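> what's the 3D shape of this:
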Amino acid sequence: MRLPLTGTCQCGSIRYEIRGEPLSVYACHCTECQRQSAGAFALSMPVARDAVVVLSGKPKSWRRTTESGRVIQCIFCPQCGVRLFHNPESNPDISVVKPGTLDETGWLFPVGHIWTRSAQPWFKIPLDAICYEGQPPDLTKLTAAWRARSSRPTAGKN
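Here you go, the predicted structure:
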């Protein structure tokens, strides 16, 4: 992983970069993320909000209340509809990037899984992952696990 990280929506109308280190990468198994990603889960990568810079295009946003009661601004491309990141109203210092939109994704590795009570029964969560049945109270454990993994010489290599 080299900064800045760059990413785009599916149609290329929106380009962005991230100028700060990710705080973590984790998989969310809530039913909203399953619906939004059309998959078993969605990856999330929290970063400092001021580190996310839109380089081109004009994303749109919509406000929604999550299953846990938190309110987030969902940022997406108005052309292709791809979700780029979320801005939680409860934490104005953080953006939660959808890391599948990054140009380089080979280094991504979720250190944790949240909303596991909604996980698809066929998906096997790794035994060494940090898990929360619902919304974690904070990102402390996920951030610590990410830092520990990122500091290893082989971090991010599969």
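
> can you tell me the centre-most residue of the protein?
Nearest to the geometric centre of the chain sits residue 44, at 1.6 Å (CA atoms, centre = their mean).

> check contacts around the closest residue to residue 42 other than its chain neighbours.
Excluding the flanking residues, the one nearest residue 42 by CB to CB, 6 or more residues apart in numbering is residue 33, at 3.8 Å. Glycine gets a C-beta too; all of them are placed from N, C-alpha and C. Residue 33 is in contact with 41, 42, 44, 115, counting by CB atoms under 8 Å, 6 or more residues apart in numbering.

> ok, now residue 46?
So residue 46 contacts 22, 23, 24, 94, 95, 96, 97, 139 (CB under 8 Å, 6+ apart).

> so where do the helices sit in the protein?
Taking DSSP state H, the helices of the chain run over residues 31-37, 140-150.

> for the last one, packing partners?
Judged by 3 or more CB pairs under 8 Å, 6 or more residues apart in numbering; DSSP states H and E, helix 140-150 is in contact with strand 112-114, strand 130-131.

> and the longest one, which strands flank it?
So that's strand 112-114. Strand 112-114 pairs in its sheet with strand 26-28 (parallel), strand 130-131 (parallel), by DSSP bridges.

> now, of those strands, which is deepest in the fold?
Mean neighbour count (mean count of other CB atoms under 10 Å) peaks for strand 26-28 among these, with a mean of 26.

> what lies in contact with it?
41, 42, 43, 44, 110, 111, 112, 113, 114, 115, 130, 142.

> closest to residue 122 out of these?
Relative to residue 122, the closest of the contacts of strand 26-28 is residue 41; by CB to CB it sits at 11.9 Å.

> measure how buried that closest one is and give me the count.
Applying other CB atoms under 10 Å, we find 23 residues neighbouring residue 41.

> same check on residue 34?
Residue 34: 18 neighbours (other CB under 10 Å).
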